[in-house]
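K.L.:
predicted coordinates and the sequence they were generated for:
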Amino acid sequence: MQQHNLVQGTPEWHAYRREHFNASDAPAMLGLSKYKTRTQLLNEISSGYAADVDSATQKLFDNGHLFESLARPLAEAIIGEDLSPVTGSNGKLSASFDGLTFMGDIAFEHKTLNDSIRTCNSPNDLDEMYLVQMEQQLLVSGAEKCLFMATSWDKSQQLSGDAVHFWYESNADRRQRIIDGWSQFEKDLETYTATLIAELPKAEVIIDLPALFVHAKGEITTSNMKEYGEALAMRLAEVRKIELITDQDFSNAKQAAKLFREQIKKNVLAEEAMLSQTVTVGEASRIIKAWNEDLRLTALKLEKDVESEDLAKKRVMISDAQHEYRNYLNELYLGTKPIEIVLNHPDFALAIKGKSKFTAMQDAINTMLANAKIEADKVTQMLRTKLDWMNVNANAFSFLFNDLQTIIYKPMDDFQLLVNSRVEQHMKVTAEREAKIKADAEAAALAKIEANKAPVENHIEETLTMVESKIEVLREAVVEHQDEILSFFKSRDFSTSKENEYRAVIVEFIKHQEATKLKLAA
């Protein structure tokens, strides 16, 4: 954390806050603040201008700073260390600490004690806007925990009642919500233009009528019915000529309808007062009833016209928000194709339910839209992380995951286990199939060899038999001509040393002759 030497409330401190996302504004950013809407915060930061603080609010601020300084020694006694007011930042996130220990491991946050805090029994009972502010303080400072304390002091600076305190420790989900919330808020700031959402203006024409009175005693003695009837006819004619075009027209019509409803009640009372005096004035009674019916029908038409305009404005606000949300999802989808981003669409109609002012309606819709975008970003990041993991670990096996749209929404561990299991099972089946194919091929080759082995062996045996037969024929031929060979040697004077050599040549010659005969015979 980077510390800044600033005094709370000074112009330098306010200038610093305009450039950072502050912990005290985090509740408003998330739509949780009871004192400032998200739209108001957007207007303030985008324009750099905040509304002036009135004297009553300033007195509350002053009391808050005084109570904080009076409570700091109590907090130091609980912590066992000195505390110093500090302003610090971590990137764009900032926090102003009511107190921080020297090592920065414990923060102190003080609030003025109120009935809501008095009923709390644990930090979890505190309003969420307090918890969000402390969570950002821990995020900015890196502190381990925060001492939350609420006190109230009288004019003599004596503690009023007991001091309430709790220890707050970081919550991972709340912290991520703050980080995502500021990220979306910054995106909204880039394109935000402050707009004026006008309420219907105050009625500029008061449709007023004289008070009707009728005095009777057996017969009508005095009344202003003639004057009242003329005034009523003129007023109704004026109202019926009004074309409801501008906001001022609708405001006037709304007010006129209200006044007509009130006039009907007054007329009824006047009629009842008259009838209580006599029962012989039926004609006057019929006239008053006719007037009341005319007033009622005119008021009804005006109310319906105003209601129609209110409904049209609400529908436009809801339609614009739905359109913006759909466009946002379409842009995110470009990074997750072909996986669709499955989310429940925000119920903008529910957001404005029970709200009477258009400014409150628009702020509720904007806050819901921002939170919906944050959730869409989280889901998109989750999908991209899983798709990236798939590309690394199962890119060649996409054919195994035709149901990826469904299984990708499983928790990461379950998703990875399922993907790995399918890939391993596929590889096992493939290996077994390839092994079987190889074994079948080897068996077929061996069978073929075995099938060809018998003819080859038979051929070899036949060949050997034939050769042996030929050798035997040759041997017999040599034996047959043995006497001739001996006679030939005796008739020649060969050297004794050459006799065996010559004899071998003659034997080979005889074999040659016999072999030639066998070939010719074949």
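P.N.:
Ah, there it is.
K.L.:
please enumerate the helices of the stretch 1-150 of the chain.
P.N.:
Listed in chain order, the helices of the stretch 1-150 of the chain (DSSP state H, counting those that start in this stretch) span 11-18, 26-29, 38-47, 55-79, 115-118, 128-141.
K.L.:
CSV for the ones you listed, including distance to Met368, mean neighbour count and mean pLDDT?
P.N.:
(Glycine included, C-beta is placed from N, CA and C.) Formatted as CSV, the helices of the stretch 1-150 of the chain follow (distance: least, C-beta to C-beta, whole Å; neighbours: other C-beta atoms under 10 Å; pLDDT from 0 to 100):
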stretch, distance to Met368, mean neighbour count, mean pLDDT
helix 11-18, 26, 14, 78
helix 26-29, 14, 25, 95
helix 38-47, 10, 20, 82
helix 55-79, 28, 15, 89
helix 115-118, 24, 13, 92
helix 128-141, 16, 23, 96
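K.L.:
format these as JSON lines; extra columns: distance to Lys378.
P.N.:
Below are the helices of the stretch 1-150 of the chain laid out as JSON lines (distance: least, C-beta to C-beta, whole Å):
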{"stretch": "helix 11-18", "distance to Lys378": "28"}
{"stretch": "helix 26-29", "distance to Lys378": "16"}
{"stretch": "helix 38-47", "distance to Lys378": "19"}
{"stretch": "helix 55-79", "distance to Lys378": "35"}
{"stretch": "helix 115-118", "distance to Lys378": "31"}
{"stretch": "helix 128-141", "distance to Lys378": "17"}
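K.L.:
skipping its backbone neighbours, what lies nearest the residue nearest the centre of the chain in space?
P.N.:
The residue lying closest to the centre of the chain (C-alpha atoms, centre = their mean) is Glu375, at 1.9 Å. Using C-beta to C-beta, 6 or more residues apart in numbering and skipping the chain neighbours, the partner closest in space to Glu375 is Leu343 (6.5 Å).
K.L.:
residues near the one you found, how many?
P.N.:
If you count neighbours by other C-beta atoms under 10 Å, Leu343 ends up with 15.
K.L.:
isn't it up against Ala376?
P.N.:
Yes. Using C-beta atoms under 8 Å, Leu343 is in contact with Ala376, at 6.0 Å.
K.L.:
joint contacts of those two?
P.N.:
Listed contacts common to Leu343 and Ala376 are Leu329; contacts here mean C-beta atoms under 8 Å, 6 or more residues apart in numbering.
K.L.:
give me the element the residue nearest to Glu375 is part of.
P.N.:
Leu343 is part of no helix or strand when elements are defined by DSSP states H and E.
K.L.:
can you get me a residue count around Tyr328?
P.N.:
Applying other C-beta under 10 Å, we find 17 residues neighbouring Tyr328.
K.L.:
ugh, typo on my part, it should be His4
P.N.:
By other C-beta under 10 Å, the residues close to His4 number 15.
K.L.:
quick check, it in contact with Pro85.
P.N.:
No. The pair His4 / Pro85 is not scored as a contact, 11.6 Å apart, by C-beta under 8 Å.
K.L.:
and Asn366, what pLDDT?
P.N.:
The predicted structure scores Asn366 at 92 on the pLDDT scale.
K.L.:
same check, this time on Val505
P.N.:
68.
K.L.:
count of neighbours near Met318?
P.N.:
One thing to correct before we go on: residue 318 is Ile, not Met. 18.
K.L.:
list the contacts of it.
P.N.:
Ile318 touches Phe348, Ala349, Ile352, Ile365, counting by C-beta under 8 Å, 6+ apart.
K.L.:
next: Ser96.
P.N.:
Ser96 sits next to Gln8, Trp13, Asn22, Ala23, Ser24, Pro85, Val86, Thr87 when contact means C-beta under 8 Å, 6+ apart.
K.L.:
for His110, which non-adjacent residue is closest in space?
P.N.:
Nearest residue to His110, sequence neighbours excluded (C-beta to C-beta, 6+ apart): Glu68, at 4.3 Å.
K.L.:
so for the contacts of Ile318, which is the shakiest by pLDDT?
P.N.:
Ala349 (84).
K.L.:
in what helix or strand does it lie?
P.N.:
Applying DSSP H and E as the criterion places Ala349 in helix 348-351.
K.L.:
that helix packs against which elements?
P.N.:
Applying 3 or more C-beta pairs under 8 Å, 6 or more residues apart in numbering; DSSP states H and E, one finds that helix 348-351 contacts helix 282-333, helix 358-393.
K.L.:
pick the most deeply packed of those.
P.N.:
helix 358-393 (a mean of 18; mean count of other C-beta atoms under 10 Å).
K.L.:
can I see the domain layout of the chain?
P.N.:
2-191, 214-310, 439-521 (automatic domain parsing).
K.L.:
ranking those domains by mean pLDDT, which is last?
P.N.:
Lowest mean pLDDT within these: domain 214-310, a mean of 66.
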